[in-house]
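In: Here is the input, now give the coordinates:
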Amino acid sequence: MRTILALLCIFAVQNSAGVESDVGDSRYLLYDCNPGEGFNLRRDVYMRIANLVKHLNTKEKWTLVLPPWGGMSFHWKETDMEQSRIPWSKFFDVESMNKHVPVIEYEDYVERMGEAVIDEVWYLQTYAEGIDFDNWVDKVDERPCIDPPVYESENDGKVRGWFWGYDETYAKKFKCVSVLGNAKIIAESLIKNTSARSIMIDRGENLMHDFFGGKDFWDARRSMVFAEELRNFATVFRMENLDSTDDQDHSGVPEDWTKNERKDDLAIGGPYIAAHVRRNDFMEAREDHVATLPKVAKDLIEISKEYGIETVFIASDGTGKEMKELKKYLSGLKVVRYVPSREEEKLFKKGGVAIIDQIICSKAKYFIGSYESTFTFRITEEREIMGFSAKTTYNRFCADEEKDCEQLTRWKIAWESDDEIWY
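Out: This is a model prediction of the structure:
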């Protein structure tokens, strides 16, 4: 059944080439991130760059070129599967994103330009002299490269680099730029210091949000509607395995995100608890905040008793052995996981599989996640958009001996520009 459903989802794929932006004589902004950054952090970087483009469009006409997904072998374990040059339409509804700022896929950009060329690459870096936090000043300057550049100039003057796996792509000019501050600080430099039609910002994660938690932040986040094929698959999985539907759970949102209205604490959620159990590298990187599997099971059993729920959905990067162990500790409960078939992995890619897990987690009656995990953060944002209560959303597992274990911070949606902004 699931294989058939996965194949049927092909017909729901969004055709990015059909999404038109009124670009005209537009300038183009491209970007990329450090290869070590994962899928969910990159989603956050998109929001920073999108709002940079929104600011640029108050002065000139700019279009954001969406960087193809790929090059994350550490996170996606790219073995026997093509995980590069993936368009955004595979994971997100590009038409919905266009309602926040003008965006196009990279291959559409190449078609418009006539060849795979970028006028300038700005490689973002810190300041060699360090940061004086007592005298913080937002600033941006062209500086000598601190580290050896990851781009090379060929004899013909063309600058070559990774460029999302497109070997034919090249840049005409490259420079290192030291930056300190939010995304808006670089906007003035883009307007004042170059007349290039297309500029790529590499290491975009060095830019901070202009207003974290403000209206532009949430508009960018709300515009990132998941691709229809992923939503459809998660819907059927919930119906068949968790007795959950949007209608009965009050967890649906309008197809057009701009038509969504404030509905705090009205979402109910499906008759299951959802847990994001982060393992893998967090076992060392966050060892003081990672609960043992018996502790995870103990917490879930207590929650199930409090809410009268006997079904638990687990999303985890843990090994098969670890998940069997956890299920043994939860022997009194029904444990459900989404384990994609090989066909589903090929169809949805690693990013799509992660999104399906997140959709299912976001629709639960109660959610509990992991400390400082961007995967967890993206789920809490989805639940905030749907109108779930803070009590059933901003929870995390605490390590066995962890003292002063703080739960997750709530970031309420800023629906209007004069709403309170959290810093």
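In: Residue 111 should be in a helix, yeah?
Out: Yes: Residue 111 sits within a helix when classified using DSSP: H, G, I helix; E, B strand; the rest coil.
In: what's the neighbour count on it?
Out: Residue 111 is flanked by 13 other residues according to other C-beta atoms under 10 Å. For the C-beta atoms, the positions are set from N, CA and C on the backbone; glycine is no exception.
In: what about stretch 301-318, how long is it end to end?
Out: Terminal residues of stretch 301-318 lie 19 Å apart, using C-alpha to C-alpha, to the nearest Å.
In: Can you list the buried residues in the lengthiest strand in the chain?
Out: Longest strand in the chain by number of residues (criterion: DSSP state E): strand 170-180. For strand 170-180, a neighbour-count test (16 or more other C-beta atoms under 10 Å) marks 170, 171, 174, 176, 177, 178, 179, 180 as buried.
In: Is residue 43 in contact with residue 224, as I believe?
Out: Yes: contact status for residue 43 versus residue 224: in contact at 6.7 Å, counting by C-beta atoms under 8 Å.
In: Quick check on those two: which one has the bigger neighbour count.
Out: residue 224 (22 against 19).
In: Nearest spatial neighbour of that one, chain-adjacent residues omitted?
Out: Nearest non-adjacent residue to residue 224, counting by C-beta to C-beta, 6 or more residues apart in numbering: residue 92, 5.6 Å away.
In: same check, this time on residue 356
Out: Residue 356 sits nearest to residue 234 (C-beta to C-beta, 6+ apart), 5.0 Å away.
In: Could you check how far the one helix or strand that neighbour maps to is from the centre of its chain?
Out: Residue 234 is part of helix 228-242, with elements assigned from DSSP states H and E. With C-alpha atoms, centre = their mean, to the nearest Å as the basis, helix 228-242 stands 20 Å off its chain's centre.
In: now stretch 199-207
Out: 16 Å.
In: Show residues contacting that stretch.
Out: Stretch 199-207 is contacted by residues 27-34, 37, 41, 45, 48-49, 52, 118-126, 171, 179, 181-183, 185-186, 190 when judged by C-beta atoms under 8 Å, 6 or more residues apart in numbering.
In: neighbours of residue 236, just the number please.
Out: As a measure of burial, residue 236 has 14 neighbours, counting by other C-beta under 10 Å.
In: Let's have the buried residues of strand 170-180 in JSON lines, adding pLDDT.
Out: Shown next, in JSON lines, are these (pLDDT from 0 to 100):
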{"residue": "170", "pLDDT": "98"}
{"residue": "171", "pLDDT": "98"}
{"residue": "174", "pLDDT": "96"}
{"residue": "176", "pLDDT": "96"}
{"residue": "177", "pLDDT": "95"}
{"residue": "178", "pLDDT": "95"}
{"residue": "179", "pLDDT": "93"}
{"residue": "180", "pLDDT": "92"}
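In: in the stretch 151-300 of the chain, which spans are strands?
Out: Taking DSSP state E, counting those that start in this stretch as the test, the strands found in the stretch 151-300 of the chain are 152-153, 159-160, 170-180, 198-202, 270-277.
In: who's in contact with the residue nearest to residue 356?
Out: Applying C-beta under 8 Å, 6+ apart, we find residue 234 in contact with 356, 359, 360, 363.
In: again, but for residue 376
Out: 276, 278, 369, 370, 396, 408.
In: circling back to that earlier point, can you mark which positions in the helix holding residue 234 are buried?
Out: Buried, per 16+ other C-beta under 10 Å, within helix 228-242: 228, 229, 230, 231, 232, 233, 234, 235, 237, 238, 241, 242.
In: Mind listing what's buried along the longest helix seen in the chain?
Out: The residue-count maximum for a helix in the chain (DSSP state H) belongs to helix 342-362. For helix 342-362, the neighbour count (16+ other C-beta under 10 Å) marks 344-345, 347-362 as buried.
In: Report the buried residues of whatever helix or strand comes next after it.
Out: With elements assigned by DSSP H and E, the helix or strand that comes after helix 342-362 is strand 364-368. Along strand 364-368, these residues count as buried under the neighbour rule (16+ other C-beta under 10 Å): 364, 365, 366, 367, 368.
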